[in-house]
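Participant: sequence and predicted structure, then a few things I'm wondering about:
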Amino acid sequence: MFESYEYDGPSSAVPIAVPYVLALRVTERCHTGCGHCYLGAGPQGEEMGLGLVRAVVRQASELSIRTIHVTGGEPLLHAELEEIVGTARSAGLMVEMVTSIFSPGQLAPPVRLRRLAHAGLERVMVSYDDWHARVVSLRELAAFLDCGLTLGLDVAVNVVEQSGSTWTCDTLLHACAGLFQGAESVDWLPAQISSIGRAAASGLKESIDACGARCAFSLTSPTVTPSGEVVVCCNAKQDTPGMKLGKIGKDSLACCLNRLAAHPLARINAVFGPHRAWPVFGNSLEDAPSGTCASCQMMMKQFSDCDAVARLETLSRSLPAELPLDFEALNTWCRRAIPKDATRTYAVD
């Protein structure tokens, strides 16, 4: 079972496949309280220590991982964020960050952004929508975006659009264009709700049925949590057995990436989407939740069913040995972090 793997190789072992990005969930704290938060983040939560950061970054560099994606919670709440960014950049890694820019008790977000850029941050994505607008004004958003562009960062805004939303990519672009020059240089990226975490508790559902869609992040964005757990993707939680790949300190990062490359559900999600695996657990497709993340999470919770996992592994082995990255499924901001001549395949011996 995936949750009971032991350490089986040195940190220098070469993994079967290297993801194009490794996410560091540097904190699980956030004061925004968004109803659609996949993590259910709140004011209390774990934070990643610099010792863990250094260990992960060293191994990521050895494995030729190109990009560190800093996420949370709200990363700006981490008092040592500049040191985290600097550690990754000093190891030769590109550093990007996603933030809601709501960080009470810390420096003003534009001031912090300048410090982060000096430390080596190259790319920043802001999450903003009707939920975030409750605590971050449009002028505050515009000031942050303007600062990012002035610093020469690659800037994007991720906007969760729902039926009846006040703020969409189009309305935000129009409003920000009147507040600072260069608004059209920002990537305005529509996003769907992931029906997990607080969104599931609130009864929020994705506006489209994505259960049949391939998951562009299934094999490409493993995430290290503040406790050092390595999980399958940036939306995964470490309390779900099938999502855990190992723990830094006990397991090498290479070992965890090998497990990801061989993970049967991750491979099936990457090729077909979770609908193909859903019946393996004895579930009816009619009962499948809308949304890739919700379907995947429900199946990951059933990884204690050894017979079902064995059937899942049989289905996974029927797939091609090499699975190409679904480059077109990524948004434009994500694509720019990947060299155009890079080929990422996920092969299993």
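Facilitator: In hand now; what should we look at?

Participant: all strands of the stretch 51-200 of the chain, in order?
Facilitator: Using DSSP state E, counting those that start in this stretch, the strands found in the stretch 51-200 of the chain span residues 67-71, 94-99, 123-127, 154-160, 187-191.

Participant: tell me which of those lies nearest to Thr220.
Facilitator: Across the strands of the stretch 51-200 of the chain, Thr220 has its closest neighbour in strand 67-71 (10.6 Å, C-beta to C-beta). Quick note: C-beta positions are derived from backbone N, CA and C, even for glycine.

Participant: what's in contact with that closest one?
Facilitator: Residues outside strand 67-71 that contact it (C-beta atoms under 8 Å, 6 or more residues apart in numbering): 20-26, 57, 60, 81, 84-85, 88, 93-98, 221, 223, 234, 337.

Participant: and that strand, how far from the chain's centre?
Facilitator: Taking C-alpha atoms, centre = their mean, to the nearest Å, one finds the center of strand 67-71 at 8 Å from the center of the full chain.

Participant: now stretch 130-138
Facilitator: Put simply, stretch 130-138 sits 22 Å off its chain's centre (C-alpha atoms, centre = their mean).

Participant: likewise for stretch 309-327?
Facilitator: Mean C-alpha position of stretch 309-327 versus that of the full chain (C-alpha atoms, centre = their mean) differs by 22 Å.

Participant: C-alpha coordinates for it, CSV please?
Facilitator: Extracted in CSV, the C-alpha atoms of stretch 309-327 (Å, rounded to 0.1, in the frame of the first residue of the first chain):
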residue,chain,number,x,y,z
VAL,A,309,-6.0,-1.2,-5.5
ALA,A,310,-4.8,-4.5,-7.1
ARG,A,311,-7.4,-4.1,-9.9
LEU,A,312,-6.3,-0.4,-10.3
GLU,A,313,-2.7,-1.5,-10.7
THR,A,314,-3.8,-4.0,-13.4
LEU,A,315,-5.6,-1.2,-15.3
SER,A,316,-2.6,1.1,-14.9
ARG,A,317,-0.2,-1.6,-16.3
SER,A,318,-2.3,-1.7,-19.5
LEU,A,319,-1.4,2.0,-20.2
PRO,A,320,1.6,2.9,-22.4
ALA,A,321,4.9,2.8,-20.5
GLU,A,322,5.5,6.5,-21.3
LEU,A,323,2.8,9.0,-20.7
PRO,A,324,3.4,12.5,-22.3
LEU,A,325,2.7,15.7,-20.4
ASP,A,326,-0.7,17.1,-21.4
PHE,A,327,0.9,20.5,-22.2
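
Participant: number the chain from 40, please
Facilitator: Done: numbering now begins at 40, and the last item shifts to stretch 348-366.

Participant: now the strands of the stretch 90-239 of the chain in TSV, with distance to Asp290 and mean neighbour count?
Facilitator: TSV is the format used below for the strands of the stretch 90-239 of the chain (distance: least, C-beta to C-beta, whole Å; neighbours: other C-beta atoms under 10 Å):
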stretch	distance to Asp290	mean neighbour count
strand 106-110	19	24
strand 133-138	24	23
strand 162-166	29	23
strand 193-199	31	22
strand 226-230	32	16
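
Participant: and these: which comes nearest Cys345?
Facilitator: Distance to Cys345, taken as C-beta to C-beta, is lowest for strand 106-110 among those, at 32.7 Å.

Participant: now do that closest one against strand 133-138, angle only.
Facilitator: 20 degrees (axes from the mean of the first three to the mean of the last three C-alpha atoms, to 10 degrees).
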